[in-house]
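S.K.: need the 3D shape of this:
(chains A and B)
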Amino acid sequence: MSEFIDVVFNINNVTATIRMAVPIALAAMGGAFSERSGVVNIGLEGMMLTGAFCGVFGCQITGNPWLGVLFAIIGGGLVGAIHAVLTVGLKADHVVTGVGINILSSGTTTWLMQVIWKRKGTSDLVRGLGTWSVPGLRDVPILGTILGTHSPLVYICFLLIILGWVLMFKTPLGLRIRMTGEHPEAADTVGINVNAIRYFCVILSGSLAGLGGAYLSLAQLNWFSKDMSAGRGYMALAACIFGGWNPLKGLGASFLFSFTDAIQMRMQTSKMRIATELVQMIPYVLTILILAGAVVRSRPPQALGEHYESGHVSK
Amino acid sequence: MYAIRMENITKRFGNVVANDNVSFAAAPGEIHCLLGENGAGKSTLMRILFGLYRQDSGSIYINDNPVTISGPRDAISLGIGMVHQHFMLAEQLTVTENIVAGCEPRKNGLLDYEKARQDILEVSERYGLRVDPDAKVEDISVGQQQRVEIIKALMRGAEVLILDEPTAVLTPPEVSELFTVMRALSESGTTIIFITHKLKETMEISHSVTVLRDGKKVGTVSTEDATPESLVEMMVGRSLPVHDDCRMPPREAIALELKDISVSGRKGSRARLDNVNLDVRFGEILGIAGVDGNGQLELEEVVCGLRRPSKGRIIMSGQDLTGLDTRRIRDKGVAYIPSDRLRRGMVGSLSLSRNSVLGMHHHSYFSQRGVLLEDIIEKHAEEIIKKYDVRAESVHQPMGSLSGGNQQKMVVGRELTRPHSVVIACQPTRGLDVGAAYYIREQILDSRNKGKAVLLISAELDEILELSDRIAIIYEGQVVDVRPTGQFTERELGLLMTGERNGV
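M.R.: From the prediction side, this is the model:
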């Protein structure tokens, strides 16, 4: 029992929770923007994976991990653009397209990895982003352990999420996005360009998921490995829904997921006699349980998943 | 000078000509009614003016200047505002957010909510359009939502305001409030185009009337020179006689009785139906009047066995039907015209012949050993089509391809040809044009005249008044009053429907 308590209530867990929440929270915010504008984005997984790949690739050819991050943002955004063209422009089914994006990303990144690095499982090592220590904060007891030293992307992530929240709820553009996802006809009849808003949001969601991917490959590790997003894009979608399509609440939901992930990892290394496979299941089972509970209560944007064409206002 | 002038507008959708060389003009400050049946092309014409559709030919002038309108944005910048029949409001956003979206006041790049609120309150006070700027749209009444839509248009500088069937969703007191606002706007110089098919309202509010029929303009008249009869003739192309009133007197025997029927709401909220007691006699129509959403749907569902009452009993001709399923209840002799035709009255993708036996397909007359008898069913469908004047090409065509009026005639035909002693008619003429509605009402009266008991649930007060022998008023799930039709004034009905018992 004391072993269990030690595994769950450990200050290192909190630090790990923060660390592991970053990619999920970023992609969850992406999901929030995409879905608030009315486009279902199950392709976050593929966008994140592409971001992870592009990050390492960019870093490899430029030698600069920050340019790698830029590559990841652009790469994720491009995959987002594919999703946008298919769903908004060509009016394909959002879920089918998203699943297609995920399969495409998995296949493309694995293939390109073999072409570029001539290896099947992982890429070469590249220069990672390293860590930042916040002077002053790092010396505060407990808080310093938790927040004092992290990858720069952790701090950037928190900043972005606050900015994303402001954008969504405090600016004219945010209002237009929410209006578009709730009632595209209403948006259209007050002169809001529904398609432009949707393109913007879906591409933004791809970039955010791509940044989350770069965090995996340039901050947590410094190489790319096959399918390294490992379902985090789906968790992000779950966090997005659980967080009520709100970037800040999505961050909270991400903490919950990453906390169980942190426990899971500690359990594997502890002396507790539980099958590793069962322990590894915990975050995923939690995702299912939370969604089953949360989907009933949460109300998605009303026009989520619906196509809209101007000039065909229903009678 | 005209505030707005549309000349020789033609608009086709595929093979259908929605507007055929229509010209229309409205003077500044005028309240101009655009009158016509459903499908006459009124909304199409106004959607062209608002930029939602593009005309195939014809031109538009604002204050005598030719203009091109290629989208709502153009229309708005030319001072045209439109309040759509189905409100263009996002339910989960607040009143303020809905009003300012697209023309947001800004401060330092952020949305200036305080300024937005002030602007809204100012417009709201100037024209008597009461709204709560901080409420979520889903929490306010339909009447308030309409005011939000009007403010939305006015805040964008609308000098021409198009109102598409604005009174369809309002209670009588809300209608008179809307008319007050319209008069105030008209006096301040706003031109109002009022799309409707209601004659009474046209006569009451408008300065002039343009009538459309089958996509063509019939004419424009000054309201002073028009009578309801002359307008009907322009709309329908013929005059409609008063319904034949030859009938059997109601019998004493009670056909359908509801005893203490309650339907509980979701946990914590109030009951959807609260101790409802009603009885309908053979040979009479009992009309249920009320604002939509006060328990009518629950009443319909309970009587037809689609929903179980949490309390109370339903008795038909002495038999207790409580708890029976819909099929058994219908087999006891209930003809049911559902309020939602598309969802419950028909299957759009099935043929007319299949639809003509829905709910009766299991009777030994139409099927044997689980196999449908196609010939007999087709003949049955043909009879309904003939007897109920359904305009259809063949019994094999999918029901969804018929117009709303013909679909409803088919549903009514199916229900009234099955053996029955009780008719449950729910919103029987919703969304139908004057001609089809007239026909359906005649069928309902005919049923009553033959001695059937009719429970009529309708949100159209005029329909209730025209058809019912007695009226029960439903408000928040309770029956607040039942009297013979002649014993209510329209004002009393309006007050009772909105829960103002004290005014009566």
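S.K.: hey, let's count contacts and neighbours off CA atoms from now on
M.R.: Will do.
S.K.: so where's chain A uncertain?
M.R.: A:1-4, A:7-8, A:294-297, A:311-315 (pLDDT under 70).
S.K.: show me what from it comes close to chain B.
M.R.: A:170-172, A:175-176, A:179, A:182-183, A:185-192, A:310-313 (Cα under 8 Å from any Cα of the partner chain).
S.K.: buried ones from those residues, can you make that a PyMOL selection?
M.R.: In PyMOL, this line selects whichever of the residues of chain A next to chain B come out buried by 16 or more other Cα atoms under 10 Å in any protein chain shown:
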select buried, chain A and resi 170+171+172+175+176+179+182+183+185+186+187+188+189+190+191+192+310+311
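S.K.: touching, B:Ile69 and B:Tyr53? I think so.
M.R.: No: the pair B:Ile69 / B:Tyr53 is not scored as a contact, 9.2 Å apart, by Cα atoms under 8 Å.
S.K.: roughly how far does B:Ser353 sit from chain A?
M.R.: B:Ser353 sits 27 Å away from chain A, going by Cα to the nearest Cα, to the nearest Å.
S.K.: my bad, should have said B:Glu298
M.R.: Distance, B:Glu298 to chain A, by Cα to the nearest Cα: 23 Å.
S.K.: give me the contacts around the helix or strand that contains that residue.
M.R.: Using DSSP states H and E, B:Glu298 sits in helix B:296-303. Contacts with helix B:296-303, where a contact means Cα atoms under 8 Å, 6 or more residues apart in numbering or on different chains, come from B:263, B:272-273, B:288, B:290, B:307-309, B:314, B:338-339, B:424, B:426, B:457, B:474, B:477.
S.K.: next SSE after that helix?
M.R.: Remark: after helix B:296-303, the chain's next helix or strand is strand B:311-316, criterion DSSP H and E.
S.K.: so what strands line up beside whichever helix or strand comes after that next one?
M.R.: Next in sequence after strand B:311-316, counting helices and strands by DSSP H and E, comes strand B:319-320. Strand B:319-320 sits in its sheet next to strand B:311-316 (antiparallel), going by DSSP bridges.
S.K.: for the contacts of helix B:296-303, which one is nearest chain A?
M.R.: For the contacts of helix B:296-303, the minimum distance to chain A (Cα to the nearest Cα) is 18.3 Å, reached by B:Ser339.
S.K.: what pLDDT does the closest one get?
M.R.: What the model reports for B:Ser339 is a pLDDT of 89.
S.K.: for it, helix, strand, or coil?
M.R.: At B:Ser339 the chain is in coil, as set by DSSP: H, G, I helix; E, B strand; the rest coil.
S.K.: quick one, helices of the stretch 201-350 of chain B?
M.R.: Assigned by DSSP state H, counting those that start in this stretch, the stretch 201-350 of chain B shows helices spanning B:228-236, B:296-303, B:326-331.
S.K.: which residues in the stretch 401-504 of chain B form strands?
M.R.: B:422-426, B:453-457, B:470-475, B:478-484 (DSSP state E, counting those that start in this stretch).
S.K.: now the angle between strand B:453-457 and the first one, please.
M.R.: Relative orientation of strand B:422-426 versus strand B:453-457 (axes from the mean of the first three to the mean of the last three Cα atoms, to 10 degrees): 10 degrees.
S.K.: now the last one
M.R.: Comparing the axes of strand B:478-484 and strand B:453-457 via the same axes, to 10 degrees yields an angle of 130 degrees.
S.K.: now for strand B:478-484, which elements pack on it?
M.R.: In terms of contacts (3 or more Cα pairs under 8 Å, 6 or more residues apart in numbering or on different chains; DSSP states H and E), strand B:478-484 is packed against strand B:273-281, strand B:470-475.
S.K.: ok, it: who's next to it in the sheet?
M.R.: Checking strand B:478-484 against DSSP bridges gives partners strand B:470-475 (antiparallel).
S.K.: helix B:296-303 and the strand it pairs with, what's the angle between them?
M.R.: Here strand B:470-475 points in a direction 120 degrees away from that of helix B:296-303 (the same axes, to 10 degrees).
S.K.: as JSON lines, the helices of the stretch 201-350 of chain B with mean pLDDT would be great.
M.R.: Output for the helices of the stretch 201-350 of chain B, formatted as JSON lines (pLDDT from 0 to 100):
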{"stretch": "helix B:228-236", "mean pLDDT": "84"}
{"stretch": "helix B:296-303", "mean pLDDT": "92"}
{"stretch": "helix B:326-331", "mean pLDDT": "90"}
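S.K.: among the ones you listed, which is the most enclosed?
M.R.: helix B:296-303 (a mean of 22; mean count of other Cα atoms under 10 Å in any protein chain shown).
S.K.: so what's the closest residue to B:Tyr336 other than its chain neighbours bridging to?
M.R.: The shortest distance from B:Tyr336 to any non-neighbouring residue, by Cα to Cα, 6 or more residues apart in numbering or on different chains, is to B:Ile424 (4.8 Å). Counting by DSSP bridges, B:Ile424 forms beta bridges with B:Tyr336, B:Leu455.
S.K.: again, but for B:Ala289
M.R.: B:Ile473.
S.K.: neighbours of it, how many?
M.R.: Using other Cα atoms under 10 Å in any protein chain shown, B:Ala289 has 30 neighbouring residues.
S.K.: and it, what is it in contact with?
M.R.: B:Ile457, B:Ser458, B:Ala459, B:Glu460, B:Leu461, B:Ile464, B:Ile471, B:Ala472, B:Ile473, B:Ile474, B:Met497.
S.K.: OK, contacts around the fourth one?
M.R.: The one in question is B:Glu460. B:Glu460 sits next to B:Ala289, B:Gln427 when contact means Cα under 8 Å, 6+ apart.
S.K.: can you rerun that using 10 Å?
M.R.: With contact taken as Cα atoms under 10 Å, 6 or more residues apart in numbering or on different chains, B:Glu460 is in contact with B:Ala168, B:Val169, B:Leu170, B:Thr171, B:Ala289, B:Gly290, B:Val291, B:Asp292, B:Gln427, B:Pro428, B:Thr429, B:Arg430.
S.K.: one more: the first one?
M.R.: B:Ile457 sits next to B:286-290, B:296-297, B:299-300, B:338-339, B:424-428, B:463-464, B:471-472 when contact means Cα under 10 Å, 6+ apart.
S.K.: do I have it right that B:Ala26 meets B:Ser222?
M.R.: No: with contact defined as Cα atoms under 10 Å, B:Ala26 does not count as touching B:Ser222 (11.6 Å).
S.K.: any residues in contact with both of those two?
M.R.: Residues touching both B:Ala26 and B:Ser222 (Cα under 10 Å, 6+ apart): B:His32, B:Ser208, B:Val209, B:Thr210.
S.K.: domain-wise, how is chain B divided?
M.R.: Domain assignment for chain B by automatic domain parsing gives B:4-236, B:254-350+B:414-503.
S.K.: and the longest one, how far apart are its ends?
M.R.: So that's domain B:4-236. In domain B:4-236, first residue to last residue: 26 Å (Cα to Cα, to the nearest Å).
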